[in-house]
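Undergrad: Using only what follows, build the 3D model:
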Amino acid sequence: MSGPKDKTGKEVTYPTAYIANILAALGGRDPLEAYAQTAAGLRKRMQSHPAETLRLRPYADSWTWTPLEVIGHLVDTEWSIGWRTRAVLCDDQPLLIGIGQDNWVAAQKHNEHDPSELVEDFSALRAINLRFWRGIPKEKMSRVGQHNERGAESLGDMLKLYAAHDCYHLEQIDRYLAILMQ
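TA: Residues are numbered from 1 along each chain as shown. From the prediction side, this is the model:
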């Protein structure tokens, strides 16, 4: 059975399956704590491997992002997180638009960027968004926005999903680097 299609006709993963898969990466960790540790995790991975390695595709027989493109994707996501969370806090049930992540990665040529610059960009955006998250009163965490692909999402749900998204992609980078270092 095929899933729903986006406006380009590309199949979209069922939202509940996507969310469950991503949330599994968080495990039992505190979402805000995991979210706060991502920049350091990226910095460590970037500093432990040369740019040439970070630009390699782990699977020669199929298209995948490179570790550097995963970092670029996290930068893109951080931009969108900033807007989405502020919209949910400040507006009544705003529409939250998903991004064409593959298009964003390709159009911005993340694989050609300097790894340290991408990690710096991520770290700066994350510091701003982390300060925002820490300032949200607990009673506001139930405010809801309507994601165009995933449906209703509260700020509390969003924090868990975004922290888990980080964990998922850090694990992805680790898997790719393990393959590339063989």
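Undergrad: residues of whichever strand or helix holds E78 that come out buried?
TA: Element membership of E78 [criterion: DSSP states H and E] is helix 67-90. Buried positions in helix 67-90, judged by neighbour count with 16 or more other Cβ atoms under 10 Å: 67-78, 80-81, 84-85, 87-89. In this view, the C-beta of every residue, glycine as well, is placed from N, C-alpha and C.
Undergrad: Just the residues contacting the least confident helix or strand in the chain by mean pLDDT, thanks.
TA: Scoring the helices and strands of the chain by mean pLDDT, DSSP states H and E places helix 15-26 at the bottom, with a mean of 86. For helix 15-26, the external contacting residues (Cβ atoms under 8 Å, 6 or more residues apart in numbering) are A34, E149, R150, G151, K160, L161, A163, A164, H165, C167, Y168, E171.
Undergrad: again, only using 10 Å
TA: When contacts are defined by Cβ atoms under 10 Å, 6 or more residues apart in numbering, helix 15-26 is touched by residues 3-4, 12-14, 31, 34-35, 98, 147, 149-151, 153, 157, 160-172.
Undergrad: just to revisit the earlier point, ok now the helix holding E78, how far from the chain's centre?
TA: 6 Å (Cα atoms, centre = their mean, to the nearest Å).
Undergrad: now for the next helix or strand after it, which elements pack on it?
TA: Going down the chain from helix 67-90, the next helix or strand is strand 95-96, by DSSP H and E. On a contact count with 3 or more Cβ pairs under 10 Å, 6 or more residues apart in numbering; DSSP states H and E, strand 95-96 meets helix 67-90, strand 144-147, strand 151-154.
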